[in-house]
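*Asks:* no letters, just coordinates:
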């Protein structure tokens, strides 16, 4: 992957200066120097303080410029107003990365001060982490350059924390759960380096098996998305996104906008870029553990091995809940399993080895499962019994897992000896959890990652049969922000999206002529940029038959004037009456972080009441559009219920993909509501459309 | 509550005989005697074995009948075929409760042998726990009468386990999680005493604050339900129901049946009887802990106190997810909170005391919240920082909670010292969890219990204006199992449920006469017990106008005969054409465990595609019927969307309540599908109905 090589020194630092180092143990500048030293860092430490000779026996410099050797990283812990000056000195010294621990910048409104730091970075070709961070720690180089008390438990997950307090507290928690980290990065205000920059570097790092992030927000969502999309192909990425509740979400103008909510766009971005979303802190740690230790699950066939019927049923329930339901296993495999259980055992999935199972039975059954082609992943659930010795069973699992490319997750239910055996498992590459449901959840994450790797790389190929010039003309000639219906449909038409035949009539005679050209019945609607809610104005008539057109023209104009006397009326739109089909809705919105996004859902009550819609970042391929359709709850309706035949998914997906290209090509489009789009057995028709510009 | 006093000795046993006691440490009979002795049991232990003089220094008897004193409880660990004989001796001795640890009964198909044990119990007025159990343990009397190695961690939850292996393994787990139990009951095959019997006893036990159960199934669901309903008023009941996945659920004949699935009926029974359902083992333990330590949450106003913005947002997200979203707090309370935070803190909910918060700030803010009337529950979230000392904060919380009737749950995020402080909290009555989401989940359980206690006691008052005689006549005169539509509607009518005016015509002339009496247009349908799918047979015509009736009659009969030449045709039903309204469905089914159940949902696609239905055990009051309506996702449709007015909830609820009485009065009814019931602004109409008898 593309990456900024300056940031690579964070992974294996050779020299760190601490600007604001102190010999007073009460000060952060002392704590940090002490932590770096005590954590066993093998590189050079350069305390910087004009008033001190040495700190903790380490020679202290008056300025970073006085350091005789090269300095890769400078951590700054001085008052906010002095930071810029110190950073200039860093720049002159040729420092690669500055980590600004000091707070008092953007987070308290001092945006200008923060911007100054970024400008200095640019000038001197440095990168900045922070400001307002607790530092970084690194278990690979044994370097705790934070003001937290210790290094995280050692492991293979890189953690990027946007919260200071939480990141520090979680560093401690890793020891209790024995969920290890390779690095902990505090990224604070992200004035310069943000999640994406670190992910680019971590994607290529051999010590990082999984990248895990606590996210409150991103600065350039589109770039974050593109980076995750590529990095996910190399290694799994996990995210805990905070701030998902509706509390505080802003009201939005359009239908699509009101359905979006920030969290739904994040969800879409995560899903499309392969980022596995965690629900809670424990969940984040637990699935990261599995993803960093085990290979992805490459198929849907999950086998559960247990010695307790009840525990097996709990795991089975969880498997359905987490979207990896267990299925039947072949007679051949059942025969294999039967070798490892008494008569009254059950070789059906979940496989019950019975309470008599010892190391031998677990080991045999696990090997049978691993050697069988139909098995894609195995969950081993052990209830502590008098004969089920956790240590020997754990040993067996570790041995088996070494030679396997199938994922294994484990749950030992019991007391202290189970906890110890599980720690042993974790230290030896096998994720283990107290609750069988957690082992299942971990496997579900491994399956989710497997699915991301399996999916066909369907990159979006822009349609060439689109008339951008026409669209640009319509947009630039639009007065105000709302594009009236027939002009919106002209835009659609220019992008190859099917709209009804229609024309604006200036008078009743013209209306009749147009109607007879189109063929009866027709739909007639007022055309006025001043009347957006045409139905409310009684200025829409459907099913207008031959002989009724002139009269209807006059009525519509009259009603429109009655509704809004000063409305500027352009005419009346005479429109082919689209046969009714299954109502769908396609919308778009321009997200401030992620840019153009597209929405698909079933129209009518489904969208209004059930909010049964799905989002993607635009543009998307036809294949992706079809995936969206499968994700809505009302999908069976599109497939056809009560003997109905299926809608034309191919045509509908073509429309969605074309609209996604449209909003991607024209960032001046703020929102689109194409509602309804009638989906037919053959083809579709956009019956109404609305485009709003920024 | 009603209870069986014989079972009360399990709570505080004075004497236990072990039949099959052994002096061979390899045998269960030795292990159990040893466990009872070593766990510190103060009562009398009587080992029974004809071949041994004494076991572990305790005098051994040849037969239980030789014991000179009274024996309350006898545990039996001898081969299955000898159990009956031993039980007879117990009966003669006057034992109150026999616990049969031996397996080899119903669970391996030996139903007769199991029944014999029950017969012996009846004869001798004893109660039986088991067979096929691991025993019972009791931390109140310090008595481990199981073959597991130790007593559970001491606490105030009574645990009833239907799984042996899991129950034993969980006994060990209680020590790791410090989630304590008062009792652990293994109930095995439940040949005699089942969950309900124990719940009755535990409801009145002062050492039990919460009853927690791992359930695979119940034997008499209706009784279980009634007992839980009463016991829940006294103390909270938690259940982990295993076997909820669709795997293995049987196909059912009717619409309602196919939507039910065993797990949905259990969910309904739990909900109606106040049982709080857990999702996983950890969840079960964690919510039981909170319910056993803290008072229920008596209102919706939750306050979150934290020192880390990120952790606060995580808790806020979880609060929404678990159905207890946080709201705004008054300016007065905000002013109170502001006393306990620096300038840059946030007094809005979640309350951010900032990373500078120490014991003092937490203590002050917590007291402010507890003393404020608008607060109903408080979640304290602490990220370990240099100044946030877990021990002192924990002490403060414990002090505050002692004088409070508001629930508090806690999360300390950090390392070993946080874990210790949380153990200290748990030992002193405050539930604490590593993950803030878990503290929120625990509070949600406290709120769920609070809601159960708050709900109006709406007991069902049977309608007196129902004609049972008429219904009995129709049922007894029915040939076969399906009751034809117009007869089903007569049954509804007899129960005061509104159905269209309709009559069966034997010939075309009669049809015309009936139609003109009813008024046009009408609906006409074939009446034949041999044709259930009338539409498929093209034997239904709607919107039949004046002058079309005779012709339609002949057509329907012709089509019916073409569809099934040997169909016995009773005539053609001529029916008032109900105006179209919002389509709802009311169904019923007779569950083998729980008896008559009622279902409500939106009709059409909602029920078919989205399965948006809700169940209750019948009968239910009108109020309960209205609650059902609120629970479906499509509820807004009933309330009215797009400017529609609301349906007549009162009338619709009346219909649901009446149908629930009908199925309760006539257990011979297996299933009802009233589909659709058109709901109107005023009133409703059952447009089609089907009743199937057992």
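*Replies:* That came in fine, so what should we check first? These figures come from a predicted structure and were not determined experimentally.
*Asks:* and the residue nearest the centre of chain A?
*Replies:* Centroid-nearest residue in chain A: residue A:270, 1.5 Å away (criterion: CA atoms, centre = their mean).
*Asks:* so, low pLDDT: which residues of the stretch 401-550 of chain A?
*Replies:* Applying pLDDT under 70 to the stretch 401-550 of chain A flags the ranges A:458.
*Asks:* after the helix or strand harbouring the residue nearest to the centre of chain A, which helix or strand is next?
*Replies:* Using DSSP states H and E, residue A:270 sits in helix A:255-272. Downstream of helix A:255-272, the next assigned helix or strand under DSSP H and E is strand A:276-278.
*Asks:* average model confidence for the following helix or strand past that next one?
*Replies:* For strand A:276-278, the succeeding helix or strand toward the C-terminus, using DSSP H and E, is helix A:281-293. For helix A:281-293, mean pLDDT rounds to 97.
*Asks:* so how far is helix A:281-293 from its chain's centroid?
*Replies:* Here the centre of helix A:281-293 is set off from its chain's centre by 16 Å, with CA atoms, centre = their mean, to the nearest Å.
*Asks:* hmm, it in reach of chain B?
*Replies:* Yes - using CB under 8 Å from any CB of the partner chain, helix A:281-293 comes into contact with chain B via A:281-282. The way it works is simple: take the backbone N, C-alpha and C, and place the C-beta from them, glycine included.
*Asks:* can you tell me what sits against that helix?
*Replies:* Under the criterion CB atoms under 8 Å, 6 or more residues apart in numbering or on different chains, residues A:155-157, A:166, A:170, A:173-174, A:177, A:179-180, A:209-210, A:212, A:214, A:236, A:238, A:240, A:276, A:278, A:407, A:409, A:426, A:429-431, A:433, A:438, A:441-443, A:445-446, A:449, B:314, B:413, B:434-438 lie in contact with helix A:281-293.
*Asks:* got a PyMOL select line for the buried ones in those residues?
*Replies:* Applying 16 or more other CB atoms under 10 Å in any protein chain shown to these, the buried members can be selected in PyMOL as follows:
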select buried, (chain A and resi 155+156+157+166+170+173+174+177+179+180+209+210+212+214+236+238+240+276+278+407+409+426+430+431+433+438+441+442+443+445+446+449) or (chain B and resi 314+413+434+435+436+437+438)
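*Asks:* which ones among the contacts of helix A:281-293 lie within strands?
*Replies:* Of the contacts of helix A:281-293, the ones assigned to strands by DSSP state E are A:155-157, A:210, A:212, A:214, A:238, A:240, A:276, A:278, A:409, A:433, B:413.
*Asks:* pull the most distant pair out of these.
*Replies:* A:409 and B:413 (24.5 Å; CB to CB).
*Asks:* average model confidence for the helix holding residue A:270?
*Replies:* 77.
*Asks:* OK, contacts around the nearest residue to the residue nearest to the centre of chain A once chain neighbours are set aside?
*Replies:* Spatial nearest neighbour of residue A:270, chain neighbours left out: residue A:277 (5.1 Å); criterion: CB to CB, 6 or more residues apart in numbering or on different chains. In this structure, residue A:277 makes contact with A:238-241, A:267, A:270, judged by CB under 8 Å, 6+ apart.
*Asks:* okay, and the beta partners of residue A:277?
*Replies:* residue A:239 (DSSP bridges).
*Asks:* if I look at it, how far off is chain B?
*Replies:* According to CB to the nearest CB, to the nearest Å, residue A:277 and chain B sit 12 Å apart.
*Asks:* which residues of the stretch 151-300 of chain A lie near chain B?
*Replies:* Checking the stretch 151-300 of chain A against chain B by CB under 8 Å from any CB, the hits are A:161-170, A:172-173, A:175-177, A:214, A:216, A:240, A:242-247, A:279-282.
*Asks:* let's see that with 7 Å instead.
*Replies:* Contact residues (CB under 7 Å from any CB of the partner chain) of the stretch 151-300 of chain A with chain B: A:163-166, A:168-170, A:172-173, A:175-176, A:214, A:216, A:242-247, A:280-282.
*Asks:* derive a PyMOL selection command for the buried subset of these.
*Replies:* Here is the PyMOL command that selects the buried residues among these (16+ other CB under 10 Å):
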select buried, chain A and resi 163+164+165+166+168+169+170+172+173+175+214+242+243+244+245+247+280+281+282
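*Asks:* out of the residues of the stretch 151-300 of chain A next to chain B, list just those in helices.
*Replies:* Using DSSP state H, the members of those that fall in helices are A:164-166, A:168-170, A:172-173, A:175-176, A:281-282.
*Asks:* just put the residues you listed in a markdown table and tack on distance to residue B:691.
*Replies:* Converted to a markdown table, those look like this (distance: CB to CB, whole Å):
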| residue | distance to residue B:691 |
| --- | --- |
| A:164 | 66 |
| A:165 | 63 |
| A:166 | 59 |
| A:168 | 66 |
| A:169 | 61 |
| A:170 | 60 |
| A:172 | 64 |
| A:173 | 59 |
| A:175 | 64 |
| A:176 | 60 |
| A:281 | 53 |
| A:282 | 50 |
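*Asks:* could you dump the ones in strands among the contacts of helix A:281-293 to CSV with distance to residue A:194?
*Replies:* Listed next are those as CSV, based on distance: CB to CB, whole Å:
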residue, distance to residue A:194
A:155, 24
A:156, 23
A:157, 19
A:210, 19
A:212, 16
A:214, 13
A:238, 17
A:240, 17
A:276, 20
A:278, 20
A:409, 32
A:433, 32
B:413, 24
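*Asks:* which of those residues sits closest to residue B:560?
*Replies:* Among these, residue A:276 lies closest to residue B:560 (CB to CB), at 57.5 Å.
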